[in-house]
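Asker: Got a predicted structure here, sequence first:
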Amino acid sequence: MSKTPQTGTSTSVEEKSFSDQIDAIISETVDWRGETLYQLRALIKMADPDGVEEVKWKKPSKPAGVPVWSHAGILCVADTLKNAVRLTFPKGALIKDPKKLFNARLESNTVRAIDFHQGDIVNQMALKELISEAVIINASKVRKR
């Protein structure tokens, strides 16, 4: 272990890549939520092949962190809740949602989310469209009026 000069935190020479860390989060979630997260990750990567996977916000209550996908800014964040897998879009209020996928955080001025519950069927085409629009919004740096 060594200390990084910028943060003073410990690092390991064999730190896992973000992709490997997300693989671990999925594999450690052994019920339907892991399967759903696996499916959502595949859809996100298909919708935005140039996007970047990361893991952020590691803390004692969530030591593995949270999977995040970015493209000119954060597109979406996945989180496993007790009874759902939540996909949160930080700029979701700017995204058109004709298929009404957003079902959580609807009161927010900026954020929108989709809670997937056990047995839900993911509307793959509509989700890919939301992700594609999020990429366009991030790339254009559109701001809510």
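Answerer: That came through, no problem.

Asker: what about the helices in the chain?
Answerer: For the chain, helices defined by DSSP state H occupy the ranges 18-28, 32-47, 124-140.

Asker: Show residues contacting the second one.
Answerer: Taking C-beta atoms under 8 Å, 6 or more residues apart in numbering as the criterion, the residues outside helix 32-47 that touch it are 22, 25-29, 51, 53, 67, 69, 75-76, 78, 80, 84-85, 87, 116, 118-120, 122, 124, 127-129, 131-132, 135. All C-beta spots, glycine's among them, are computed from the backbone N, C-alpha and C.

Asker: now do 6 Å
Answerer: 26, 69, 78, 80, 85, 87, 116, 118, 124, 127-128, 131-132 (C-beta atoms under 6 Å, 6 or more residues apart in numbering).

Asker: can you list the residues you listed in a markdown table and add pLDDT, neighbour count and distance to residue 35?
Answerer: Compiled in a markdown table, the contacts of helix 32-47 are given as follows (pLDDT from 0 to 100; neighbours: other C-beta atoms under 10 Å; distance: C-beta to C-beta, whole Å):
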| residue | pLDDT | neighbour count | distance to residue 35 |
| --- | --- | --- | --- |
| 26 | 89 | 21 | 9 |
| 69 | 97 | 24 | 18 |
| 78 | 96 | 21 | 13 |
| 80 | 93 | 21 | 11 |
| 85 | 97 | 25 | 9 |
| 87 | 98 | 30 | 14 |
| 116 | 97 | 23 | 10 |
| 118 | 96 | 12 | 10 |
| 124 | 96 | 14 | 15 |
| 127 | 97 | 22 | 16 |
| 128 | 96 | 15 | 19 |
| 131 | 96 | 24 | 19 |
| 132 | 95 | 15 | 24 |
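
Asker: Go through those and name the one nearest residue 62.
Answerer: The closest of those to residue 62 turns out to be residue 80 (C-beta to C-beta; 9.3 Å).

Asker: and residue 92, how many residues sit next to it?
Answerer: Applying other C-beta atoms under 10 Å, we find 25 other residues in the vicinity of residue 92.

Asker: try residue 53
Answerer: Neighbours around residue 53, by other C-beta under 10 Å: 16.

Asker: That one bridge partners, please.
Answerer: Under DSSP bridges, the beta-bridge partners of residue 53 are residue 69.

Asker: circling back: which one of the helices of the chain lies nearest to residue 61?
Answerer: Going by C-beta to C-beta, the one of those nearest residue 61 is helix 18-28, 14.3 Å.
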